[in-house]
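[1] my questions are about this predicted structure, shown below with the sequence.
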Amino acid sequence: MEFCDLNCEYAAWPGDEGLDGSGSCRTFQAIYCTKKARHVYNNMPRPEKKKKAPGVIQDKAAS
């Protein structure tokens, strides 16, 4: 089973800071799913996950 995380081709950081109420904690982060066109919970079971190609995963600090 696959889980929603930033390794997914459809995952992106949400545009709003503190959207999920976690502040600086990334354990419970919200993720924007471009396939569903809405925010989803990090680590939710996600059968339609499509992993990014190696070297494509970007750190938020680098962007």
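    Structure's in. What do you need?
[2] so where is the chain shaky, pLDDT-wise?
    16-28, 55-63 (pLDDT under 70).
[3] can you map out the strands along this structure?
    Per DSSP state E, the chain carries strands over the ranges 11-12, 30-33, 38-41.
[4] let's have those in a markdown table, adding mean neighbour count and distance to E2.
    For every residue, glycine as well, the C-beta is placed using N, CA and C. Output for the strands of the chain, formatted as a markdown table (neighbours: other Cβ atoms under 10 Å; distance: least, Cβ to Cβ, whole Å):
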| stretch | mean neighbour count | distance to E2 |
| --- | --- | --- |
| strand 11-12 | 17 | 11 |
| strand 30-33 | 19 | 13 |
| strand 38-41 | 13 | 13 |
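[5] looking at the ones you listed, which is nearest to M1?
    strand 38-41 (15.0 Å; Cβ to Cβ).
[6] phi first, then psi, for K50.
    phi -130, psi 110 (degrees, to the nearest 10).
[7] any idea how many residues pack against it?
    Neighbourhood size, K50 [other Cβ atoms under 10 Å]: 12.
[8] same check on C4?
    Neighbour count of C4, defined by other Cβ under 10 Å: 20.
[9] now do P45
    Using other Cβ under 10 Å: P45 sits among 9 other residues.
[10] state the distance from it to K35.
    15 Å (Cβ to Cβ, to the nearest Å).
[11] quick one: contacts for the closest residue to K49 other than its chain neighbours?
    Ranked by Cβ to Cβ, 6 or more residues apart in numbering and with sequence neighbours excluded, the top spatial neighbour of K49 is E2, at 3.9 Å. By Cβ atoms under 8 Å, 6 or more residues apart in numbering, the residues touching E2 are P45, R46, P47, K49, K51.
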